[in-house]
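I'll drop the sequence and a predicted model, then ask my questions.
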Amino acid sequence: MTGTDPATAAVPGDGGGDPGDAPPRVSVVIPNYNYAGTLELCLASLRRQTLQPFEIIVSDDASTDDSVAVAERFGCRVLRADTNGGVSTARNAGAAAARGDILFFLDSDQALSPDSLENAVRLLRADPGLGCVHGIIDPVPLVDHGPVEWYRTLHAHHWRLKGVGPTPTAFFAAAAVPRRVFEEIGPFHPALRDSEDVEYSERLSARYRILLTDQVVAAHDEEHRLGPMLREQFRRAQYLLPFAAAHRRRPGALRANSMAGVAAATFTVATVPAAVFAAPFGVLPVLGILAFACADPSLLRFVRRRRGLGFLPLFIGLHLLVNLQIALGAGTGWLRSRFDPGFGGVADGPSHGTDLPAGSDAGSGVGRPDAIEGRTG
């Protein structure tokens, strides 16, 4: 991996005064793979921060678009990978090169609200026992590509907002970690392109507290095409039972979808054939839809407030399809884990030697540049 010389911002607090009163130096680490368009919006949001970062490191994962040129135009420190290694590898490279006291991991398809860095630093300084502060998704998409993206953004905002507070789960799309903590816990598992957040959360929460806060907000450019969005859900859900399910059962763990909703969606679709061929069974899919809506009524109320009653049927339909993909993916993953002893397991831990929980996946997208949408390859 090669890098260009940085053009870093001035260090906040330098130039006199008590050094103890100066804010820590924040190194923003941005993994990127072929997201030149949103990378520009991401970097522009960093220029508007009330607390300017000490340095911005774009860890480019062998992009073939204009990402590097965009990063250099903004005066970032650019690390260029020779081959596509995935989001974990890109984040690790950026963290290793960082010189700040706090690492702020930010995905290249997100733009921060102006006070996000300042708020994250303030929260970390107020509680030395915090190992990570991470934020929520803005309900408005970073780039408006239509109803599928609105569905994704509204859902992502709602379930994260419900989970605000202490949690054993950290998502590193917009997250601040003290450098000393990251060095103690170790790097992200380099083989993981899916579930890398969950794997890292397990190690981090064993030693430090994690806080999800609504004072760090990122607008996100979500997937806006129905087919790729559903395929992404199916792919990630395959690791739910062999890996992420154990974490989901921990008190306070963040959950995007309830198991009741997944079960209701599966029941609804499964009863459609019976309703078609036998009229008395026509009530079953209706009951399934009602059960599905009742699985998370606060979500539907939130969507109605934000987008109106007319958007609600489309939202429910998309949400049902997503929950069905989760059920199909989880079932597929369970079958794969029964017949493939290597599925869902990591043979070797990170280079620092930390033991990993059983069930991490070493094959989730390695060598596939499209394995993680919106972050890196």
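On my side now, so go ahead. Bear in mind the structure is a predicted one, so any value in this text is a computation, not a measurement.

any idea how far apart the tips of stretch 133-148 sit?
Chord length of stretch 133-148, first to last residue, is 29 Å (Cα to Cα, to the nearest Å).

average pLDDT across that stretch?
The average pLDDT within stretch 133-148 is 97.

mind listing the helices for the stretch 51-200 of the chain?
In the stretch 51-200 of the chain, the helices defined using DSSP state H, counting those that start in this stretch lie at 67-73, 87-97, 116-126, 147-162, 179-185, 196-205.

for the fourth one, which positions count as buried?
Okay, so that is helix 147-162. 148-162 (16 or more other Cβ atoms under 10 Å). (Glycine included, C-beta is placed from N, CA and C.)

which two of those have the greatest separation?
For those, the farthest-apart pair by Cβ to Cβ is Val148 and Lys162; their separation is 22.0 Å.

in this structure, where is pLDDT below threshold?
Low-confidence segments of the chain, defined by pLDDT under 70: 1-21, 242-245, 344-377.

mind listing the strands for it?
2-3, 26-32, 55-60, 77-80, 102-106, 110-112, 130-137, 165-166, 174-178, 209-220 (DSSP state E).

which helices and strands does the second one pack with?
Yep, that's strand 26-32 we're talking about. Applying 3 or more Cβ pairs under 8 Å, 6 or more residues apart in numbering; DSSP states H and E, we find strand 26-32 packed against helix 36-47, strand 55-60, helix 87-97, strand 102-106, helix 116-126.

quick one: which of the ones you listed is nearest Gly261?
It's helix 87-97; of the helices and strands packed on strand 26-32, that one is closest to Gly261 (Cβ to Cβ) at 27.4 Å.

what residues does the closest one touch?
With contacts defined as Cβ atoms under 8 Å, 6 or more residues apart in numbering, helix 87-97 is touched by 1, 3, 27, 29-33, 57-61, 77, 79, 81, 103, 105, 172, 182, 187-193, 196, 372, 375-377.

what's the angle from it to strand 55-60?
150 degrees (axes from the mean of the first three to the mean of the last three Cα atoms, to 10 degrees).

next up, the contacts around Thr64.
Asn34.

let's see that with 10 Å instead.
The contact partners of Thr64, by Cβ atoms under 10 Å, 6 or more residues apart in numbering, come to Tyr33, Asn34, Ala36, Asn84, Pro369.

again with Leu46
Contacts of Leu46 (Cβ under 10 Å, 6+ apart): 9, 26, 28, 30, 52-53, 56, 74, 76, 104, 106, 111-112, 114, 116-117.

which stretches of the stretch 251-377 of the chain form helices?
Using DSSP H, counting those that start in this stretch, the helices of the stretch 251-377 of the chain run over 259-277, 283-294, 297-307, 312-339.

could I get these as TSV with mean neighbour count and distance to Asp144?
Shown next, in TSV, are the helices of the stretch 251-377 of the chain (neighbours: other Cβ atoms under 10 Å; distance: least, Cβ to Cβ, whole Å):
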stretch	mean neighbour count	distance to Asp144
helix 259-277	17	26
helix 283-294	16	26
helix 297-307	15	12
helix 312-339	18	15
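
right, I'll leave it there.
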